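**Student:** the sequence isn't on hand, but the structure is:
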């Protein structure tokens with residue numbers, strides 16, 4: 001069971017990295033303009049989209065590069081996978097899930113940075129699960145376990161980011 005959990009984490013690692021990258025890149029002046037203050041709030045920027053997607057792509061190439069050492073973790077065949085497309089798709093979809101979540105929060109009048117429980121934890125992984133389905137016929141239990149695994153991990157990582165001063169909001 002532990003190997004299965006690690007395999008799921010490894011599979012969705014490009015999405016997880018993409019989801020975290022905007023926090024690490026937030027102090028860079030590059031592409032700091034909000035995408036749409038009205039739709040998403042002022043904290044969703046082109047910089048986050050750029051660096052998040054880039055993080056997904058780089059992580060995908062890392063998985064490809066380290067495949068000889070991580071074969072037991074691989075649920076897909078990285079040597080034959082379209083690595084750029086995989087990293088881009090998982091990275092961009094995670095960020096799209098977060099944007100959709102921000103849009104929903106604006107619709108129900110929840111201010112930026114305030115929690116929207118449950119959706120805060122799974123928005124990015126839900127989008128990544130759906131996007132991965134476009135590229136691979138992943139078994140339903142893998143998708144379900146991805147949501148179950150990453151849901152509780154997200155608030156833990158967010159609290160660590162807050163404690164390190166990387167995030168302004170503690171979930």
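**Tutor:** Received, thanks. Just so it is clear, the model here is predicted, and its values are computed rather than measured.

**Student:** does residue 27 sit in a helix, a strand or a coil?
**Tutor:** Secondary structure assignment for residue 27 (DSSP: H, G, I helix; E, B strand; the rest coil): coil.

**Student:** need the outlier residue of this structure, farthest from its centre.
**Tutor:** What lies farthest from the middle of the chain is residue 68; by C-alpha atoms, centre = their mean that is 24.7 Å.

**Student:** need the contact list for that one.
**Tutor:** Neighbour list for residue 68: empty [criterion: C-beta atoms under 8 Å, 6 or more residues apart in numbering]. To be clear about C-beta, it is placed using only N, CA and C from the backbone, and glycine gets the same treatment.

**Student:** again, only this time at 10 Å
**Tutor:** For residue 68, the contact set (C-beta atoms under 10 Å, 6 or more residues apart in numbering) comprises 78, 79.

**Student:** and for residue 1?
**Tutor:** residue 145.

**Student:** contact partners for residue 131?
**Tutor:** With contacts defined as C-beta under 10 Å, 6+ apart, residue 131 is in contact with 15, 86, 88, 89, 90, 91, 92, 93, 94, 96, 97.

**Student:** residue 102 contacts residue 123, doesn't it?
**Tutor:** Yes - here residue 102 reaches residue 123: they are 8.7 Å apart, a contact under C-beta atoms under 10 Å.

**Student:** those two: which has the busier surroundings?
**Tutor:** More crowded of residue 102 and residue 123, by other C-beta atoms under 10 Å: residue 123, with 24 against 21.

**Student:** any idea whether that one is helix, strand or coil?
**Tutor:** The three-state label given to residue 123 by three-state DSSP is helix.

**Student:** quick one: contacts for it?
**Tutor:** 19, 94-102, 104-105, 116, 154.

**Student:** what about it, distance to residue 82?
**Tutor:** For residue 123, the distance to residue 82 equals 25 Å [C-beta to C-beta, to the nearest Å].

**Student:** repeat for residue 22
**Tutor:** According to C-beta to C-beta, residue 22 stands 25 Å off from residue 82.

**Student:** neighbour-wise, which of these two wins?
**Tutor:** residue 22 (20 against 11).

**Student:** so where is this structure shaky, pLDDT-wise?
**Tutor:** Within the chain, the stretches with pLDDT under 70 are 112-113, 118, 161-162, 165-171.

**Student:** where do the helices sit along it?
**Tutor:** For the chain, applying DSSP state H gives helices covering 2-11, 13-25, 37-40, 46-65, 83-107, 119-135, 140-163.

**Student:** output the contacting helices and strands for the third one.
**Tutor:** What that stands for is helix 37-40. helix 83-107 (3 or more C-beta pairs under 10 Å, 6 or more residues apart in numbering; DSSP states H and E).
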